[in-house]
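Visitor: how would this look folded up:
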Amino acid sequence: GLQGWEDLMTLCDMSYGGGTENWVCEGALLLVKGLCLVQARRLGEAEECFTRVSREARGCVRELEVLLRSVLGLRQDGRMAALQGRFGEFSLTQKTREVIAELFVLHDRQHGLFEVIRDSAGKLCSPHEPQTQIDHAACVTCALKLGMASLSEIGARISALSALCGDSPDEVCALEAAAVLAETSQHRLRLALAQQLVAIGMFDEAYNLCASRFEVCGDLDIERLERLDAELPADDLQDVSLMLMQGAEDTVAGLRDRRRQQSAYRCLRTFVCSPQFRKQLHRLCSYPWVGCGNTVDTLLRQLNDVPGDQADIDTSYQARYAFNVARSDYRAAGDAMLTYCYNIIARNAQEGDHVPVDVLRKQMSTCLAAINSYSLIEEKFAFWTPPQASPNSGQPRLVSVRGRSESAGKRAISPSAQQGTDSHTSSGWKVTKSGASISAPDSLMRSVGEGATPSADAVDDSLALAVDSQMAIAAAPPADPSTLVTLATLRRHYTLLRCR
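Guide: Numbering: from 1, shown residues only. Presented below is the predicted three-dimensional model:
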């Protein structure tokens, strides 16, 4: 119970002497006290305690190593141990050896100080308490923040030593390799911290953490970033091993730049691929996204094509539309809404015999959003090219406004398809040199324009024929990729949707 943790914490306070001459005991007492504070739900005090552990450990690296390896029996990561042995072969000054030893003890990939804090806090939390997830998240966030701060301080010390190392080749090589190790460790912790902050809804803090890295993306093509992420070796400690080899400086310099781009791309995906974040339209649209705006748009477009829950699909399209409107790319915003409308039509044609009213309203609202976006750019640029159907995909079964399938016998949605003619020349969509257009019986359009009320049969036979013909085009897009849907076409289609 909580009282037991409070009593144990009191014993730690009574035993702690505050000195560094026997830091194996003092550090252990601070760690135990911090974990007790976690269990007592005093997370602010726990963070202060862990911060003190981190601060005092910098001057007691050897004692900390004894505490972790001998007292607690925690093994060092095998790859890190081998790498540390390589550093031991160099002739280095005492200060350089100290900072390298601190880097390996504090930031061991398996059982460094901050990994121990994070893992121990998570294991001690009771899995049956509803507060556990919040407490665990707070402990993980605290440990990662402390690790980031420690790596920044070590990096600054390495830079200072590099400026004073002179011409000693061993010293220069070891310090450059240590800088690469600190940087790769920072990439790893930054990504983990960003994922943690996004998971608990601290989006502003997560963005501030990664904003300086996003610029490294340089608005590169998304396929190039994905290929770079896949091709780089998963073991980033190989980069440090290369640094310790003679004549590999140029190779490592290029590798460091690619690692930075990889880290920036992974942090960016952490944001954009989070469904919770995409629902935060005010944040998505207000963040600057310096140097990566086009990459964000491409990621959003990719997410639009991922199958999933309809609510998540709707959110993805709305997020891309809002993002492009916020950065004044109205062409991309209109494309997003028309692709959304296209997919709604095609999906409804594939999944059912009825067109619900709410689906028609969704088509109407997306079409209107596209019209509003295209109206803000020059009309010669305000067009949309329907995506091409896969040559191996079957045509979805099309339905009428009354829910009858094509086999029901009254009429087919695409009369031209029923007659075996080219669907481009159906009475719904017609291809012209200037683009695609939607036609409807002149008497119906005149009655709509004059405010008259056509009969129910006229609405059913004429509007359903005109609007459902778009479904035929959606199911089997034109073979000519130059076929365009113009702004005038959209306005006529919107009128027909409203009437229907």
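
Visitor: burial count for the residue nearest to Cys217 when sequence neighbours are not counted?
Guide: With sequence-adjacent residues excluded and distances taken as Cβ to Cβ, 6 or more residues apart in numbering, Cys217 is closest to Cys292, at 4.3 Å. For every residue, glycine as well, the C-beta is placed using N, CA and C. Neighbourhood size, Cys292 [other Cβ atoms under 10 Å]: 26.

Visitor: got a list of what Cys292 touches?
Guide: 214-215, 217-219, 264, 268 (Cβ atoms under 8 Å, 6 or more residues apart in numbering).

Visitor: hmm, try it at 6 Å
Guide: Contacts of Cys292 were listed using Cβ atoms under 6 Å, 6 or more residues apart in numbering, and they are 214, 217, 219.

Visitor: Please report how far the last one lies from His136.
Guide: Distance of Asp219 to His136, given as Cβ to Cβ, to the nearest Å: 37 Å.

Visitor: Could you list the low-pLDDT ranges of the stretch 101-250 of the chain?
Guide: Within the stretch 101-250 of the chain, the stretches with pLDDT under 70 are 121-133, 246-249.

Visitor: If we use 80, what do you get?
Guide: In the predicted model of the stretch 101-250 of the chain, residues 120-138, 165-167, 218-221, 245-250 satisfy pLDDT under 80.

Visitor: Identify the residue nearest the residue minimising distance to the centre of the chain in space, chain neighbours excluded?
Guide: Nearest to the mean C-alpha position of the chain, counting by Cα atoms, centre = their mean, stands Arg269 at 2.7 Å. Nearest residue to Arg269, sequence neighbours excluded (Cβ to Cβ, 6+ apart): Leu299, at 6.7 Å.

Visitor: and if you look at Gly27?
Guide: Here the residue nearest Gly27, using Cβ to Cβ, 6+ apart, is Leu67, at 5.3 Å.

Visitor: all strands of the stretch 301-450 of the chain, in order?
Guide: 383-384, 429-432, 435-438 (DSSP state E, counting those that start in this stretch).

Visitor: Surely Cys142 and Ala46 touch.
Guide: No. The criterion here is Cβ atoms under 6 Å, and Cys142 misses it with Ala46 at 7.1 Å.

Visitor: in the host helix or strand of Ser159, what counts as buried?
Guide: Following DSSP states H and E, one finds Ser159 within helix 132-164. Across helix 132-164, burial judged by 16 or more other Cβ atoms under 10 Å covers 135-148, 150-151, 153-155, 157-158, 161-162.

Visitor: what separates the one helix or strand Arg258 maps to from the chain centre, distance-wise?
Guide: Counting by DSSP H and E, the element that carries Arg258 is helix 249-272. In terms of Cα atoms, centre = their mean, to the nearest Å, the gap separating the centre of helix 249-272 from the centre of its chain is 15 Å.

Visitor: Tell me who's in contact with Cys341.
Guide: 363, 366-367.

Visitor: Could you report the separation of it from Ser365?
Guide: Cys341 is 9 Å from Ser365, by Cβ to Cβ.

Visitor: same check, this time on Glu56
Guide: 60 Å.

Visitor: Tell me which of those two has more neighbours.
Guide: Glu56 (18 against 15).

Visitor: tell me the secondary structure for that one?
Guide: helix (DSSP: H, G, I helix; E, B strand; the rest coil).

Visitor: quick one: contacts for it?
Guide: Glu56 touches nothing, counting by Cβ under 6 Å, 6+ apart.

Visitor: mind running it again at 8 Å?
Guide: 20, 23, 26-27, 30.

Visitor: What of Gly112?
Guide: Gly112 neighbours (Cβ under 8 Å, 6+ apart): 105-106, 147.

Visitor: let's see it at 7 Å
Guide: 105-106 (Cβ atoms under 7 Å, 6 or more residues apart in numbering).

Visitor: cool, the one 3 residues further on as well?
Guide: Counting by Cβ under 7 Å, 6+ apart, Glu115 touches Asp108.

Visitor: From Glu171, how far off is Ser91?
Guide: Taken as Cβ to Cβ, the span from Ser91 to Glu171 is 8 Å.

Visitor: So the two - more neighbours on which side?
Guide: Using other Cβ under 10 Å as the criterion, Ser91 and Glu171 rank with Glu171 on top: 19 against 10.

Visitor: check which helix or strand covers that one.
Guide: Per DSSP H and E: helix 169-199 holds Glu171.

Visitor: can you give me the angle that helix makes with helix 132-164?
Guide: Following axes from the mean of the first three to the mean of the last three Cα atoms, to 10 degrees, one obtains 160 degrees for the angle between helix 169-199 and helix 132-164.

Visitor: Beyond helix 169-199, next helix or strand please.
Guide: helix 203-214.

Visitor: can you give me the angle that next one makes with helix 132-164?
Guide: 30 degrees.

Visitor: helices or strands up against the helix or strand following helix 203-214?
Guide: Note on helix 203-214: by DSSP H and E, the next helix or strand toward the C-terminus is helix 222-231. Applying 3 or more Cβ pairs under 7 Å, 6 or more residues apart in numbering; DSSP states H and E, one finds that helix 222-231 contacts helix 249-272, helix 293-304.

Visitor: Any chance you could list what contacts the next helix or strand after the first one?
Guide: The first helix or strand that comes after helix 249-272 along the chain, using DSSP H and E, is helix 275-278. Residues lying outside helix 275-278 but in contact with it, judged by Cβ under 7 Å, 6+ apart, are 198, 201, 203, 271, 284, 312, 315-316, 319.

Visitor: redo that, cut-off 8 Å
Guide: Contacts for helix 275-278 (Cβ under 8 Å, 6+ apart): 198, 201, 203, 271-272, 283-284, 300, 303, 312, 315-316, 319.

Visitor: Good, wrapping up.
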